[in-house]
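In: Build the 3D model from these lines:
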Amino acid sequence: METYTVYAPKLVTRKEYFAPGHRACIGCAEALALRLACKAIGPNAIIVNATGCMEIVSSQLPYTTWRLPWIHTLFENTAAVASGVDAALKAMVRKGRREDKGVKVVAVGGDGATADIGLQALSGAMERGHNFLYICLDNEAYMNTGIQRSSSTPFGASTTTSPAGKVSIGQVTWKKNMPAICAAHNIPYVATACPSYPFDLIAKVSKAVSIKGPAYVHILSVCPTGWRSAPDISVRLGRLAVETGIFPLYEIENGQYKLSRDTIKRRPVQDYLKLQGRFRHLSAELIAQIQERVDREYTQLQEKARGHQG
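Out: So this is what the prediction gives:
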């Protein structure tokens with residue numbers, strides 16, 4: 001049994017602002033996530049894109065996938081550049097150089113550019129209250145540069161810099177909770193999303209870009225190459241991540257938690273882990289450890305959401 005909020009936008013535009021013809025890997029859920037997000041963002045926006053998979057596959061000269069104004073920047077300063085764009089737009093309006101047309105500033109980065117290298121700039125931008133949306137496309141490692149571990153890599157996952165072996169279980173730390181870190185900045189809106197639930201993703205990004213002040217949307221993006229999963233099951237894997245409670249879908253609006261989908265009887269984490277080569281080495285004991293952690297954290301999230309309902 002489960003309860004969930006149904007997001008069904010009456011109209012999803014057929015216009016493509018992240019156009020087909022890019023060079024993403026077969027089965028890349030990150031490209032699907034960005035395509036859906038751009039539909040929600042619409043044409044009146046400036047995109048600031050960190051180095052990473054989506055920058056590489058979308059901007060190989062002389063071609064571009066982008067049908068929006070787009071800036072490529074570095075891992076570490078994506079939020080800083082977005083802050084500068086926001087400040088520049090405000091200054092131009094204040095000085096009468098341009099009309100206030102409500103241009104949306106959107107920063108896009110992977111988990112490495114967000115949770116690791118760019119965290120300082122992101123924290124500063126949120127603390128200063130800039131009017132921008134930050135989207136983290138989380139494929140749980142540095143996939144573009146060779147599948148190195150990040151602080152978003154799950155416990156037990158094998159990567160090229162946290163390889164599983166005779167004396168190693170792979171990643172030995174637990175995934176950093178970026179939505180909670182962003183919510184601790186007391187920003188107006190934080191949400192999690194997954195392209196396996198497209199209407200939910202579109203609705204959350206739409207809400208995020210309409211909010212004044214900083215907003216953050218954390219999107220789980222299945223990577224068949226790095227996860228060593230079949231390219232035709234990326235949508236299925238995203239659904240399993242949610243159904244097991246490994247990646248819950250929720251919102252934090254002005255500090256109030258709300259579960260978008262509350263699964264009372266969740267599927268065992270083994271259903272999700274067994275389809276990925278990066279977890280192939282895990283013992284029954286380690287899987288039980290992961291299950292206990294997921295159950296505990298999901299219960300804590302439920303309590304936060306129910307507490308705010310009361």
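
In: Quick one: low-confidence residue ranges for the protein.
Out: 1-10, 308-310 (pLDDT under 70).

In: What segments of it are strands?
Out: 2-4, 45-50, 70-73, 104-110, 133-138, 189-193, 215-220, 250-253, 256-259, 261-263 (DSSP state E).

In: wait, which of these is closest to residue 207?
Out: strand 189-193 (6.7 Å; CB to CB). For glycine as for every other residue, the C-beta is placed from the backbone atoms N, C-alpha and C.

In: CA-only coordinates of the closest one in CSV, if you can.
Out: Provided in CSV are the C-alpha atoms of strand 189-193 (Å, rounded to 0.1, in the frame of the first residue of the first chain):
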residue,chain,number,x,y,z
TYR,A,189,12.2,25.3,-1.9
VAL,A,190,14.0,21.9,-2.0
ALA,A,191,12.8,18.8,-3.8
THR,A,192,13.9,15.4,-5.0
ALA,A,193,12.9,14.0,-8.4
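
In: Which other helices and strands does that strand contact?
Out: helix 178-183, helix 198-210, strand 215-220, strand 250-253 (3 or more CB pairs under 8 Å, 6 or more residues apart in numbering; DSSP states H and E).

In: need the strands of the chain in CSV with mean neighbour count and distance to residue 56, can you?
Out: What follows is the strands of the chain, written out as CSV (neighbours: other CB atoms under 10 Å; distance: least, CB to CB, whole Å):
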stretch, mean neighbour count, distance to residue 56
strand 2-4, 12, 35
strand 45-50, 23, 10
strand 70-73, 18, 10
strand 104-110, 28, 11
strand 133-138, 27, 13
strand 189-193, 26, 23
strand 215-220, 26, 18
strand 250-253, 20, 31
strand 256-259, 17, 35
strand 261-263, 19, 32
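
In: Pipe the ones you listed into TSV and attach distance to residue 208 per row.
Out: Below are these laid out as TSV (distance: least, CB to CB, whole Å):
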stretch	distance to residue 208
strand 2-4	19
strand 45-50	12
strand 70-73	19
strand 104-110	9
strand 133-138	5
strand 189-193	5
strand 215-220	4
strand 250-253	10
strand 256-259	14
strand 261-263	18
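
In: Among those strands, which comes closest to residue 300?
Out: Minimum separation from residue 300 across the strands of the chain (CB to CB) falls at strand 256-259, 10.2 Å.

In: before we move on, the earlier item: dump the helices and strands packed on strand 189-193 to CSV, plus distance to residue 157.
Out: Output for those, formatted as CSV (distance: least, CB to CB, whole Å):
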stretch, distance to residue 157
helix 178-183, 17
helix 198-210, 24
strand 215-220, 14
strand 250-253, 23
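
In: To residue 70, which of those lies closest?
Out: Shortest distance between residue 70 and these, using CB to CB, is found for helix 198-210: 15.9 Å.

In: How many residues are close by residue 120?
Out: 12 (other CB atoms under 10 Å).

In: Report the contact partners of it.
Out: residue 76 (CB atoms under 8 Å, 6 or more residues apart in numbering).

In: roughly how far apart are it and residue 54?
Out: The spacing between residue 120 and residue 54, counted by CB to CB, to the nearest Å, is 22 Å.

In: To residue 95, which of the helices and strands packed on strand 189-193 lies closest?
Out: Short answer: helix 198-210, nearest of the helices and strands packed on strand 189-193 by CB to CB, at 24.9 Å.

In: Show the secondary-structure elements that that closest one is packed against.
Out: With contacts defined as 3+ CB pairs under 8 Å, 6+ apart, the packing partners of helix 198-210 are helix 29-41, strand 133-138, strand 189-193, strand 215-220.
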